[in-house]
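**Student:** Structure for the following, please:
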Amino acid sequence: MSLSRRQTVQTVAALAASLPLVPAAAGEARAHTPARLRPRTLHIAGDSTAAQKYADAAPETGWGMALPFFLTPGLAVANHAVNGRSSKSFIDEGRLAAVLEVLRPGDDLLIQFGHNDQKSADPTRYTEPWTTYQDHLRQYVTGARARGARPVLLTSVERRKFDASGSPVPTHGAYPAAMRALAAEEGVALVDVQESSLAEWRRLGPEPSKEYFLWLAPGESPNFPDGEQDNTHFRPRGAIEVARLVAAGLLAAGVLEPRHVRRLEDPVPAEWIGWPEPATSPQT
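**Tutor:** Numbering: from 1, shown residues only. The predicted model follows:
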């Protein structure tokens with residue numbers, strides 16, 4: 001890994017270190033189930049930026065698909081993220097209830113919503129940052145804690161947007177600030193993916209960052225015959241690097257220990273990403 005990427009990972013650690021340390025709630029204590037019987041699982045509740053993608057969407061890749069590359073074999077990942085969902089619609093469709101059913105003591109629930117909560121024209125998804133957004137996030141937090149699992153709030157990964165001077169521009173309005181405030185209020189671990197991804201886009205710059213996002217030339221992919229210019233969703237390289245930021249943030253926040261992570265400073269080939277055939281359940 002280059003020095004600049006080390007600095008990015010160190011930035012993630014510094015951001016997490018600046019947060020107040022709050023003792024975990026009693027309900028978040030790890031169960032004493034032998035590891036050989038059931039691995040500790042990181043469950044992801046989120047939107048399309050994290051979700052599993054299938055062969056008919058390749059090369060689009062969610063960061064949840066790459067997270068296992070940075071975790072040691074004793075940990076498992078269950079990716080429940082679904083395209084187009086907000087903190088509200090994920091609950092209203094019964095998806096949070098389904099996740100809570102499979103949570104076990106000692107597991108972690110990674111919660112990342114915000115992209116679709118912004119869609120004020122859609123009442124099925126829209127939430128207001130300082131009221132209904134926080135209210136819905138609390139349901140994830142209290143649900144996880146009630147099952148002896150640890151909730152972890154993740155601010156939304158930033159879109160690719162640059163100003164005239166080539167600096168990355170935040171696009172999520174008040175939602176990240178509202179999540180940070182909720183994390184402090186409820187004593188929940190926070191991984192500030194918005195800040196760490198902004199730092200990464202700043203490091204890359206406008207043109208190189210296109211290699212992380214779903215920017216495709218006509219004919220480059222059979223799934224996008226006319227090409228694509230998508231500044232929200234990732235190619236394999238982008239998903240891998242965002243997953244690296246998430247893993248580094250989980251380590252810095254104390255959610256994971258050094259023995260739980262690997263490859264944080266090592267290259268991960270894009271060829272490791274694979275896309276299964278489309279699922280039968282709705283993903284859009």
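
**Student:** who's in contact with Gly205?
**Tutor:** For Gly205, the contacting residues are Phe162, Gly166, by CB atoms under 8 Å, 6 or more residues apart in numbering. Using the backbone N, CA and C atoms, a C-beta is placed for each residue, glycine as well.

**Student:** mind checking how far it is from Pro105?
**Tutor:** To Pro105, Gly205 is 45 Å away according to CB to CB, to the nearest Å.

**Student:** Likewise for Asp266?
**Tutor:** Distance, Asp266 to Pro105, by CB to CB: 32 Å.

**Student:** Comparing these two, which shows the higher neighbour count?
**Tutor:** The neighbour comparison of Asp266 against Pro105 (other CB atoms under 10 Å) goes to Pro105, with 17 against 10.

**Student:** Show me the strands in this protein, by range?
**Tutor:** Remark: strands assigned in the chain by DSSP state E are 40-46, 75-79, 108-112, 150-154, 189-191, 213-216, 228-234.

**Student:** List the buried residues in stretch 245-257.
**Tutor:** Leu245, Val246, Ala247, Ala248, Gly249, Leu250, Leu251, Ala252, Ala253, Val255, Leu256 (16 or more other CB atoms under 10 Å).

**Student:** ugh, wrong one, stretch 176-187
**Tutor:** Buried residues in stretch 176-187 (16+ other CB under 10 Å): Pro176, Ala178, Met179, Arg180, Leu182, Ala183, Glu186.

**Student:** need the contact list for the third one.
**Tutor:** Contact analysis of Met179 by CB under 8 Å, 6+ apart lists Gly114, Tyr133, Gln134, Leu137, Leu153, Thr155, Leu190.

**Student:** these two touch, right, Gly254 and Ala189?
**Tutor:** Yes - assessed by CB atoms under 8 Å, Gly254 is found in contact with Ala189 at 6.8 Å.

**Student:** Tell me, what's the model's pLDDT at the closest residue in space to Trp201 that isn't next to it in sequence?
**Tutor:** In space, and not counting its chain neighbours, Trp201 is closest to Pro168: 4.1 Å by CB to CB, 6 or more residues apart in numbering. Note on Pro168: pLDDT of 98.

**Student:** what does the one 5 residues further on give?
**Tutor:** Gly173 is assigned a predicted lDDT (pLDDT) of 97.
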